[in-house]
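[1] fold the following.
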Amino acid sequence: MICQVSIERATISDLEWDFIQPELSKIPRIKMGNIDKCRKFIGAVLWLLRGGMEWRMLPAEHGKWNSVFKRYSRWCTYGVWERLLARFSQSADLQDVSIDGTVNRAHACAAGYKKDSAENEALGRSKGGFSCKVHAVCDAHGLPLKFILTGGQAADCTQAIPLLENIGAAAVLADKAYDTNEIREWLKQCGIKAVIPPKSNRNDEIFCDFWHYKERHAIECLFGKLKYYRRISTRYEKKAINYMGMLCLASVFLWLR
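    Numbers count the residues shown, from 1 in each chain. This is a model prediction of the structure:
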C-alpha cells in the first residue's frame with residue numbers, strides 16, 4: 001500500500017495533464033511532438049523531483065536518464081517551467097502576499113559545476129553548511145508566485161524588492177528580517193501596506209497590524225509543502241537555473257491541487 005501511494009504521488013494524473021498540456025502548447029520554442037512521450041518526460045522529472053535521487057538512478061521505464069536530463073536542462077534554459085508557473089499563478093489572490101526565505105542544504109552532487117562558480121550558481125556557506133537560500137513570495141492562499149535563489153548566507157531583506165516587483169499586492173506580510181527603511185519606503189511609494197513588525201533596536205516607533213500579521217503563516221506553510229518534494233528540500237542541481245526549474249515544477253503541482 002505504501003509503495004502504491006508513493007507511485008501515485010510521483011505520477012501525473014489525467015486531470016493534471018488536462019491542465020498542463022494546453023498551457024505547454026502556448027509556450028514558444030517548445031515542440032511537444034508526441035503528446036504521450038511529452039507526458040512521459042514530465043512524469044520522469046516529477047519522479048526525480050519527488051524522490052530526490054540522482055539522474056542516473058532514473059528507472060528504465062521512464063526513459064534514458066541522459067536524454068531526459070538534456071531535455072529538462074534545455075527547457076530550463078528556455079524558461080519553460082517559469083512560464084508555466086506564471087500562467088497558473090495568474091489567478092492568484094493578491095489581497096495580501098507574504099515573503100520569506102528558507103535555507104536548503106546542497107548535496108555534494110551540487111558542487112563542482114565550474115571552478116569558482118558557487119556564487120553565480122546561488123550556492124554559499126551558512127550555519128547549515130553548503131547551502132542555497134530560496135526567497136519566495138506567495139499569495140493570500142499560500143500558493144507560490146515567484147522565487148529568487150542566492151547563496152545560503154545572503155540576508156533575506158536584500159531580495160525583498162526584486163521579489164515584489166510587478167506583483168501588484170495590496171499588502172505585504174513579512175517578519176522582522178525585512179524591517180529596513182529602504183523596503184518600507186519602497187512599499188509606501190508603491191501604495192502597498194507594510195505588515196512588518198519593527199526590530200527591537202529601532203529608535204522610532206512603527207505601527208504593525210499584528211492581527212493582519214497572523215496571516216503570514218501562509219509562506220511558512222508553502223515552504224513545508226515544497227519540501228515534501230525531496231529534490232527541493234535538498235539541492236542536487238549544480239546549476240541554479242536547473243534548481244529553479246524544479247522549484248517551478250513543484251509549484252505548478254501545488255497550483256493544480
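[2] CA only for contacts and neighbour counts going forward, please
    Noted.
[3] just the strands in the stretch 1-150 of the chain please.
    97-106, 124-126, 129-138, 144-151 (DSSP state E, counting those that start in this stretch).
[4] okay, buried residues for the first one please.
    Neighbour-count burial for strand 97-106 flags 97-101, 103-106 (criterion: 16 or more other C-alpha atoms under 10 Å).
[5] export these to a markdown table and tack on pLDDT and distance to residue 227?
    Shown next, in a markdown table, are the buried residues of strand 97-106 (pLDDT from 0 to 100; distance: C-alpha to C-alpha, whole Å):
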| residue | pLDDT | distance to residue 227 |
| --- | --- | --- |
| 97 | 96 | 20 |
| 98 | 97 | 18 |
| 99 | 97 | 17 |
| 100 | 97 | 15 |
| 101 | 96 | 13 |
| 103 | 93 | 11 |
| 104 | 92 | 9 |
| 105 | 91 | 11 |
| 106 | 89 | 13 |
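[6] which one of these is nearest residue 63?
    residue 106 (26.3 Å; C-alpha to C-alpha).
[7] check contacts around the closest one.
    With contacts defined as C-alpha atoms under 8 Å, 6 or more residues apart in numbering, residue 106 is in contact with 123, 130-132, 234-236.
[8] just the C-alpha atoms of stretch 174-190, please, in CSV.
    Output of stretch 174-190 as CSV, limited to C-alpha atoms (Å, rounded to 0.1, in the frame of the first residue of the first chain):
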residue,chain,number,x,y,z
ALA,A,174,7.0,39.7,6.3
ASP,A,175,9.0,39.1,9.5
LYS,A,176,11.5,41.4,11.3
ALA,A,177,14.2,40.4,8.8
TYR,A,178,12.6,42.7,6.3
ASP,A,179,12.3,45.7,8.7
THR,A,180,14.5,48.2,6.8
ASN,A,181,13.9,51.8,5.9
GLU,A,182,14.5,51.1,2.2
ILE,A,183,11.8,48.4,2.0
ARG,A,184,9.3,50.4,3.9
GLU,A,185,9.9,53.5,1.8
TRP,A,186,9.6,51.4,-1.4
LEU,A,187,6.3,49.9,-0.3
LYS,A,188,5.0,53.3,0.7
GLN,A,189,5.8,54.7,-2.8
CYS,A,190,4.0,51.8,-4.4
